[in-house]
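Engineer: fold the following and give me the result.
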Amino acid sequence: MSFLRNKNILILGGSGFVGRSVIKNLLEQGSRLVVITRNENKIKTLKLSGEPGQLDIVSGNIFEEGILEKNIINKFAVINLCGILFENEVNEFEKIHTFLPCYISNFCKKFNISKFVHVSALGVSMSSKSLYSRTKSLGEEKVLKKFQKSIILRPSLIFGNNDNFFRQFVQMSKFSPILPLIGSTTKFQPIFVNDLALSFIKLLQDDNNLHKIYEIGGPKVYTFEQLLLLMLKTLNKRRYLFKLNPKLMMIPGYFLNFLPKPPFTADQMKLLLKDNIVNAGMPGLKELNLKPTALEVVLPKILKYYKT
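Structural biologist: Numbers count the residues shown, from 1 in each chain. Next up is the predicted model:
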């Protein structure tokens, strides 16, 4: 029997790409989940993956008065997956990446939660030129300071069915003979979404990982250019990769910030100036006894619906 069977776990930001995989894996472990989300329709079907009553979806905004306090009571663990890639009138980096984790940490301490797993991002730093990176880093700092039973997860680029990265470029390749290659030499260490989800299970099962930061990356490092070439090879397509300098792309990026859903922003261009790979010496999948899945193994399955 799984250690996590019948454990009550609260998940925030569970309707996203990573959240759905985490929910699915925890349901398989027999955990009893409460998910606070504004996008209930995205995870309704996951109820079929578990037993009746195993997944409780609370429709609402995490910032609503009383909603977190009401749902955190008697929980074994809390998982925070909330994050944004660009700012808008409602959500700002500081609000989502710094204030919210601190806010959750206070409630975890108040209600004596056994574990708080907070998802950050690989390469975040207070010295970064990117506001996304700085607010993520400050959020980590506040979580670790506020709550001793917290764990930070820093994943690299995440891939899987319907991920943001490959989906975007596959769609582009359907109508354009040219694909933009911004920061061609920037390095990534892609991690399969299911491997990332399994890392949550490992962390929740073991008490020896509290107050630590885990960097999660796959078995191989790729440049941005290598990732696109591998995708095109898998799709059996030829496209011209037009190399663009991230520094030059910051200029249009500033203007694109004003769009509701910008294709890219100046802040994202700043992120591409730095490699996104795990640091030697930091705990990761090896310490969790997990073997990462190779991108080459999974990518054909991910892209099979896009082949034309």
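
Engineer: which parts of the protein are strands?
Structural biologist: For the chain, applying DSSP state E gives strands covering 8-12, 32-37, 55-59, 77-80, 115-119, 150-155, 158-159, 178-182, 187-188, 191-192, 212-216, 222-223, 240-244.

Engineer: who wins for proximity to residue 259 among those?
Structural biologist: Closest approach to residue 259 among the strands of the chain (Cβ to Cβ): strand 178-182, 16.6 Å. C-beta here means a position set from N, CA and C on the backbone, and glycine is covered the same way.

Engineer: can you pull the buried residues of the closest one?
Structural biologist: 179, 181-182 (16 or more other Cβ atoms under 10 Å).

Engineer: show me what that strand is packed against.
Structural biologist: Here strand 178-182 touches helix 164-175, helix 224-235, strand 240-244, going by 3 or more Cβ pairs under 8 Å, 6 or more residues apart in numbering; DSSP states H and E.

Engineer: distance to residue 23 for the strands of the chain - can I get that in a markdown table?
Structural biologist: A markdown table is the format used below for the strands of the chain (distance: least, Cβ to Cβ, whole Å):
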| stretch | distance to residue 23 |
| --- | --- |
| strand 8-12 | 7 |
| strand 32-37 | 6 |
| strand 55-59 | 7 |
| strand 77-80 | 10 |
| strand 115-119 | 13 |
| strand 150-155 | 16 |
| strand 158-159 | 15 |
| strand 178-182 | 32 |
| strand 187-188 | 25 |
| strand 191-192 | 17 |
| strand 212-216 | 18 |
| strand 222-223 | 28 |
| strand 240-244 | 36 |
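
Engineer: what would those look like in TSV with mean pLDDT?
Structural biologist: Formatted as TSV, those follow (pLDDT from 0 to 100):
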stretch	mean pLDDT
strand 8-12	98
strand 32-37	96
strand 55-59	94
strand 77-80	98
strand 115-119	98
strand 150-155	97
strand 158-159	96
strand 178-182	90
strand 187-188	96
strand 191-192	97
strand 212-216	97
strand 222-223	96
strand 240-244	90
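
Engineer: poorly predicted segments of this protein, please.
Structural biologist: 1, 255-256, 305-308 (pLDDT under 70).

Engineer: so which residues of it form helices?
Structural biologist: In the chain, the helices defined using DSSP state H lie at 17-28, 67-72, 93, 100-110, 131-146, 164-175, 193-205, 224-235, 246-256, 266-271, 295-303.

Engineer: and the third one, what does it pack against?
Structural biologist: Contact analysis of helix 93 by 3+ Cβ pairs under 8 Å, 6+ apart lists helix 131-146 as its packing neighbours.

Engineer: buried set for the helix it packs on?
Structural biologist: Buried-residue list, helix 131-146, by 16+ other Cβ under 10 Å: 131-140, 142-144, 146.

Engineer: tell me, how many residues neighbour residue 128?
Structural biologist: Using other Cβ atoms under 10 Å, the number of residues around residue 128 comes to 19.

Engineer: let me fix that: residue 262
Structural biologist: 18.

Engineer: so it makes contact with residue 88?
Structural biologist: No. With contact defined as Cβ atoms under 8 Å, residue 262 does not reach residue 88; the gap is 9.4 Å.

Engineer: rewinding a little: which of the helices and strands packed on strand 178-182 is buried the deepest?
Structural biologist: helix 224-235 (a mean of 18; mean count of other Cβ atoms under 10 Å).

Engineer: and residue 290, its phi and psi?
Structural biologist: Backbone torsions for residue 290, taken as degrees, to the nearest 10, come to phi -120, psi 140.

Engineer: name the nearest residue to it, ignoring sequence neighbours.
Structural biologist: Spatial nearest neighbour of residue 290, excluding adjacent residues (Cβ to Cβ, 6 or more residues apart in numbering): residue 198 at 5.8 Å.

Engineer: wait, doesn't that neighbour sit right on residue 289?
Structural biologist: No. With contact defined as Cβ under 8 Å, residue 198 and residue 289 do not form a contacting pair (10.1 Å).

Engineer: these two: who's more crowded?
Structural biologist: For residue 198 versus residue 289, the count of surrounding residues by other Cβ under 10 Å is larger for residue 198: 20 against 8.

Engineer: now do that one against residue 300, distance only.
Structural biologist: 21 Å (Cβ to Cβ, to the nearest Å).

Engineer: same check, this time on residue 29
Structural biologist: On the measure of Cβ to Cβ, residue 29 and residue 300 end up 28 Å apart.
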